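>>> can't give you the sequence, but here's the structure:
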């Protein structure tokens, strides 16, 4: 199957083409089935590719498929080539697998939307772009997918563009990501200048062999991290992600769980030899940015009332955990948490979509409560997702988060404390959400406008096509941790560290060694401490929101996201606009003025000189004669006097 690797992106490409040409004629629900079938086809090919790679020796688990010569310009020779290795296939597996489930869910969720076919056209294009991003053999192919998911995020976040908030959110995502794109482009330029190639093999090989200087490796790594900060919503560029909730809920699940926001973590893992060759401050910076972002977003999540906003800030926080892992040299743990996060976060976003659907598009958790009675399957699956993200064993999130904390402690006790506090807050705000939505009193209000003049509001369970993905994802959220079980005495030897062995050929250069550290030797005690922190967060939320033993502390400052977004908006609308206007004036008056001034002088001078060109031979002969006479005067008279 590796020789037909091109089929993986080809399936969503064909789905996109079919919907582009015939989407309106297909209509609802057939357009949705075509889109879902395209992603399912890509998933099937990926599964076969996975097993073929798995059957090979560790040192041969890399296959490059060159489709055609793309950029043959002098020394710049870039192929349109795909790379199948453990990292790219792992990414493709959950992109296509979870992407298929999200497509199924969207068929029910988008029922009745007048732009039903267009929505699925964008979804297929999104999946295609993400597959090109992770399967690219070089930075330019990856950048093609990188820009593709950026464009699709704009299309999908602002899908309901008649709402000003949705249109604004789409523009914010697009503009913010352009800042990150600048970093990736500069990294490509610097890499080509240093190595003469943008191929991952050439760049990482140069870093491992010591061909690159430390400063060059640091420059490339940190410029790529700028791109990762934009795409994966880290401080200071995280502010687009919470507003991305303005798009339909399946979009939120696709962006937050399975595709776009994981791109930065993937890219840093792909280039781990470059980070290993960089100065020591580079990974430390990445770890601190991740830790601070994780804690910052978690504090905001504790005061949100929109069911999707809680999950949005949770995503920012969990991505911070992944970058904390990357900066700590725990690349396997970063990918492990990315996979488990894809399971439980897709589950909870789709679960929130089921709640919104059953509540007739109500998103305020203060108007919910006791929904477990009328939406039992949605409630049960969402609760599984809550236990997974809260870090309760044996659910998937416990294993991946615990491994990140283990590596973090081996690197920096201060970072470990931040990670542990964030874990407590995560358990707290997710328990708060579960209680407000599914337990307590029913705070449903009458929605007569939805049910006729005398109708009474009544939540309802979602249809089977929306519940099926929830059930599958809940199962994955329970057992997903088995792909990377730790070396505990109770864990059989044969099933330990499966993901680590699988990814070893890709991350061997950058993966930290912590086997002889005190943290590793005390991993069982640290696991118990992590469980205790999770339980503390859960119990705290129960005492506040269920038992009412403690008063809820939800300051407006946290509800407003520490006013970070408002501060940036005020700056851009005030001093920032004046700065931009000044730059525009300088460009128009000074830069363009200088260029236009030179053009004016040349035009004026040439107009005067042109008058000499009369077309009369006698005039030309006269001018030549005058010139000869002046030359004779110079050589005979003037030079003679000298």
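Alright, I've got the coordinates. Everything numeric in this text was worked out from a predicted model, so none of it was measured. Residues are numbered from 1 along each chain as shown.

>>> buried residues in the helix or strand where residue 283 lies?
Here residue 283, judged by DSSP states H and E, is contained in helix 281-301. Of the residues in helix 281-301, 282-283, 285-301 count as buried by neighbour count, 16 or more other Cβ atoms under 10 Å. Every residue, glycine included, has its C-beta placed from N, CA and C.

>>> which other helices and strands does the biggest strand by length in the chain contact?
What stands out as the longest strand in the chain, according to DSSP state E, is strand 63-73. Strand 63-73 is packed against strand 76-84, helix 139-157, with contacts defined by 3 or more Cβ pairs under 8 Å, 6 or more residues apart in numbering; DSSP states H and E.

>>> among those, which comes closest to residue 377?
For residue 377, the closest of the helices and strands packed on strand 63-73 is helix 139-157, at 26.6 Å, according to Cβ to Cβ.

>>> so for the following helix or strand past that closest one, what gets flagged as buried?
Per DSSP H and E, helix 139-157 leads on to helix 164-195 as the next helix or strand towards the C-terminus. For helix 164-195, a neighbour-count test (16+ other Cβ under 10 Å) marks 166-167, 169-170, 172-174, 176-177, 180-181, 183-188, 190-192, 194-195 as buried.

>>> likewise stretch 245-259?
245-259.

>>> nearest residue to residue 378 in space, please, no chain neighbours.
Using Cβ to Cβ, 6 or more residues apart in numbering and skipping residues adjacent in sequence, the residue nearest residue 378 is residue 354, 4.3 Å away.

>>> any idea of the angle the host helix or strand of that neighbour forms with helix 281-301?
Using DSSP H and E, residue 354 sits within helix 331-358. Angle, helix 331-358 to helix 281-301, by axes from the mean of the first three to the mean of the last three Cα atoms, to 10 degrees: 20 degrees.

>>> what's helix 331-358 packed up against?
helix 86-109, helix 249-253, helix 263-270, helix 307-327, helix 376-390, helix 396-411, helix 464-479, helix 498-507.

>>> who touches the second one?
Residues lying outside helix 249-253 but in contact with it, judged by Cβ atoms under 8 Å, 6 or more residues apart in numbering, are 102-103, 105-106, 109-110, 123, 156-157, 159, 244-245, 308, 311-312, 345-346, 349-350, 352-353, 356.

>>> how about residue 150, what does it touch?
Applying Cβ under 8 Å, 6+ apart, the residues near residue 150 are 173-174, 177-178, 181, 231, 260.

>>> helix/strand/coil for residue 56?
Using DSSP: H, G, I helix; E, B strand; the rest coil, the structure places residue 56 in coil.

>>> which of the contacts of residue 150 sit farthest apart?
Farthest apart among those by Cβ to Cβ are 178 and 260. That separation is 14.3 Å.

>>> contacts made by the longest strand of the chain with the rest, please.
Contact with strand 63-73 is made by 2-3, 5-6, 53, 77-85, 137, 140-141, 201, as judged by Cβ under 8 Å, 6+ apart.

>>> and with 7 Å instead?
2-3, 5-6, 78-84, 137 (Cβ atoms under 7 Å, 6 or more residues apart in numbering).

>>> I'd like the residues you listed as CSV, with distance to residue 18 appended.
Below are the contacts of strand 63-73 laid out as CSV (distance: Cβ to Cβ, whole Å):
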residue, distance to residue 18
2, 26
3, 25
5, 22
6, 18
78, 30
79, 28
80, 23
81, 26
82, 22
83, 27
84, 26
137, 27
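
>>> list buried residues within the residues you listed.
Among these, those scoring as buried are 2, 5, 78-84, 137 (criterion: 16+ other Cβ under 10 Å).

>>> how far off centre is stretch 490-502?
29 Å (Cα atoms, centre = their mean, to the nearest Å).

>>> show me what counts as buried in that stretch.
Of the residues in stretch 490-502, 497, 499-500, 502 count as buried by neighbour count, 16+ other Cβ under 10 Å.

>>> any idea of the mean pLDDT for it?
What stretch 490-502 shows for mean pLDDT is 84.

>>> and for stretch 569-584?
Averaging pLDDT along stretch 569-584 yields 84.

>>> with stretch 189-208 instead?
Rounded to a whole number, the mean pLDDT of stretch 189-208 is 96.

>>> kindly report the same for stretch 15-22.
The pLDDT scores in stretch 15-22 average 97.
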